[in-house]
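Engineer: Task: produce atomic coordinates for the following.
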Amino acid sequence: MDIGGYASFGSNLIEQYGQVGFIVARILKDEKPADLPVQQLTKLEFVVNLRAARALGHPVPLLLLARADEVIE
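Structural biologist: Have a look, this model is predicted:
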């Protein structure tokens, strides 16, 4: 995410797409979708957008930046 919000905490899209691939593969091997287990994603990401923070005039604490998985300059 290069534009938009100041900070975001959510699921990793790459992991989501990988899970979709596994589910589709199982369905193509004739498993019923109703028989597949519900899977929860295991990785959440915290992203801070410094450009947006600067544009809004908000200082970002160093501790918050240290905990971020990704910082957009």
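Engineer: mind listing the helices for the chain?
Structural biologist: Ranges of helices in the chain, per DSSP state H, are 13-28, 50-56, 62-67.
Engineer: where does this structure have low pLDDT?
Structural biologist: Residue ranges of the chain with pLDDT under 70: 1-4.
Engineer: Centroid-wise, who is the farthest residue in it?
Structural biologist: Of all residues in the chain, Asp30 has its C-alpha farthest from the mean position, at 30.2 Å, by Cα atoms, centre = their mean.
Engineer: And that one, how far from Ala53?
Structural biologist: Per Cβ to Cβ, to the nearest Å, Asp30 is found 50 Å from Ala53. No exception for glycine: its C-beta is placed from N, CA and C like everyone else's.
Engineer: Can you name the residues that contact Leu63?
Structural biologist: Residues near Leu63 by Cβ atoms under 8 Å, 6 or more residues apart in numbering: none.
Engineer: Make residue 1 into 42 and carry on from there
Structural biologist: Got it, first residue is 42 now, which makes that one Leu104.
Engineer: Spit out the contact partners of Ala48.
Structural biologist: By Cβ under 8 Å, 6+ apart, the contact list for Ala48 reads 87-90, 105, 109.
Engineer: Mark which of these are buried, thanks.
Structural biologist: Buried by 16 or more other Cβ atoms under 10 Å: 88-90, 109, out of the contacts of Ala48.
Engineer: so can I have CSV of those showing distance to Leu82?
Structural biologist: Output for the buried ones among the contacts of Ala48, formatted as CSV (distance: Cβ to Cβ, whole Å):
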residue, distance to Leu82
Val88, 15
Val89, 20
Asn90, 22
Ala109, 18
